[in-house]
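K.L.:
Using only what follows, build the 3D model:
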Amino acid sequence: MTDRFENMSTGLTAPALDAFAITPDDNSDLLEVARALYVGGGGDVALITKEGNSVTFVGVSAGQIIPVRVKRALSTGTTATNIVGLV
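P.N.:
Here you go, the predicted structure:
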C-alpha cells in the first residue's frame, strides 16, 4: 500500500497515527499517553493530563475531539461514552 506521507513529520500538528478504545478507570493510567480524545457519546469527561492535573470537561458533544494530552481517563465524573484515545 502506498503512503504518500510516510516520510512526513509526526508532530502534534499532524493527524494521529493510531487510536485505541478507552475504558475510564480511576486507578490505572492509559497504556500510552493520548495526544487527544475523541468522544463518541456526549457527556462529561474527567481526566488527568500528561502533566498530572485533574480536570473535567463538562458538556462535551458527541463527535467532539478534546485536544489535550491525557494519561488517565477517570470513571468518577465521566458520563461520556465511546471514548477513543488518539496517538
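K.L.:
How about residues contacting stretch 53-71?
P.N.:
With C-beta atoms under 8 Å, 6 or more residues apart in numbering as the test, stretch 53-71 has contacts from 29-30, 33-52, 74, 77, 80, 85-86. Using the backbone N, CA and C atoms, a C-beta is placed for each residue, glycine as well.
K.L.:
What of stretch 22-35?
P.N.:
By C-beta under 8 Å, 6+ apart, the residues outside stretch 22-35 that reach it are 12, 16, 20, 37, 46, 48, 50, 67, 69-76, 78, 83-87.
K.L.:
7 Å instead, please
P.N.:
12, 16, 50, 69-76, 78, 83-87 (C-beta atoms under 7 Å, 6 or more residues apart in numbering).
K.L.:
For that stretch, measure first residue to last.
P.N.:
Using C-alpha to C-alpha, to the nearest Å, the end-to-end distance of stretch 22-35 comes to 13 Å.
K.L.:
List the buried residues in that stretch.
P.N.:
Going by neighbour count (16 or more other C-beta atoms under 10 Å), the buried part of stretch 22-35 is 22, 24, 30, 34-35.
K.L.:
so which two of those are the farthest from each other?
P.N.:
For the buried residues of stretch 22-35, the farthest-apart pair by C-beta to C-beta is P24 and R35; their separation is 17.9 Å.
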